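Asks: Just to be clear, the model below is a prediction. Sequence and coordinates:
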Amino acid sequence: MFSNPYNNINEGRNIMYKFLKITAYVLVLVGAINWGLVGLYKFDLVATLFGVMTRLTRIVYILVGLSAIFSAITTYMCCKKDSM
């Protein structure tokens with residue numbers, strides 16, 4: 001009869017968490033492709049698109065690094081939860 005008000009909050013958190021995971025995945029993929037290109041061809045795609053060490057390039061690098069940390073933590077927490 002009465003709806004639980006926490007369902008909407010949890011649903012919102014799940015949507016935000018899913019968005020963060022997908023965004024982090026895409027940014028880690030961008031970083032991996034960029035490092036692969038640097039290693040194979042000495043070609044920095046991010047610097048080519050946004051300029052060498054411009055503010056935007058640095059922001060992209062920072063976001064890729066933070067996304068890698070986020071992905072590592074969420075993967076660890078998921079694996080830890082599954083092994084219990």
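Replies: Sure, I can see it. Numbers count the residues shown, from 1 in each chain.
Asks: low-confidence ranges in this protein?
Replies: 1-6, 82-84 (pLDDT under 70).
Asks: Quick check: buried residues in the strand or helix carrying Tyr17?
Replies: Secondary structure from DSSP states H and E places Tyr17 in helix 5-41. If you call a residue buried by 16 or more other C-beta atoms under 10 Å, then helix 5-41 has these buried ones: 24, 27-28, 30-31, 34. Backbone N, C-alpha and C define where each C-beta goes, glycine included.
Asks: how much space between the spatially most central residue of the chain and Ser67?
Replies: When C-alpha atoms, centre = their mean is applied to the chain, the residue found nearest the centroid is Ala24 (1.2 Å). Distance, Ala24 to Ser67, using C-beta to C-beta, to the nearest Å: 4 Å.
Asks: Repeat that for Ile22.
Replies: In terms of C-beta to C-beta, Ile22 sits 11 Å off from Ser67.
Asks: List the contacts of Ile59.
Replies: If you count contacts by C-beta atoms under 8 Å, 6 or more residues apart in numbering, Ile59 has none.
Asks: That one in helix, strand or coil?
Replies: Using DSSP: H, G, I helix; E, B strand; the rest coil, the structure places Ile59 in helix.
Asks: now it: how far from Leu27?
Replies: Distance of Ile59 to Leu27, given as C-beta to C-beta: 11 Å.
Asks: wouldn't the residue nearest to the centre of the chain be in contact with Thr75 here?
Replies: No. Applying C-beta atoms under 8 Å, one finds Ala24 not in contact with Thr75, separated by 10.3 Å.
Asks: other SSEs contacting the helix holding Tyr17?
Replies: Using 3 or more C-beta pairs under 8 Å, 6 or more residues apart in numbering; DSSP states H and E, the elements in contact with helix 5-41 are helix 45-50, helix 55-83.
Asks: Which residues belonging to the shortest one are considered buried?
Replies: What that stands for is helix 45-50. Using 16+ other C-beta under 10 Å as the test for burial, helix 45-50 gives 46-47, 50.
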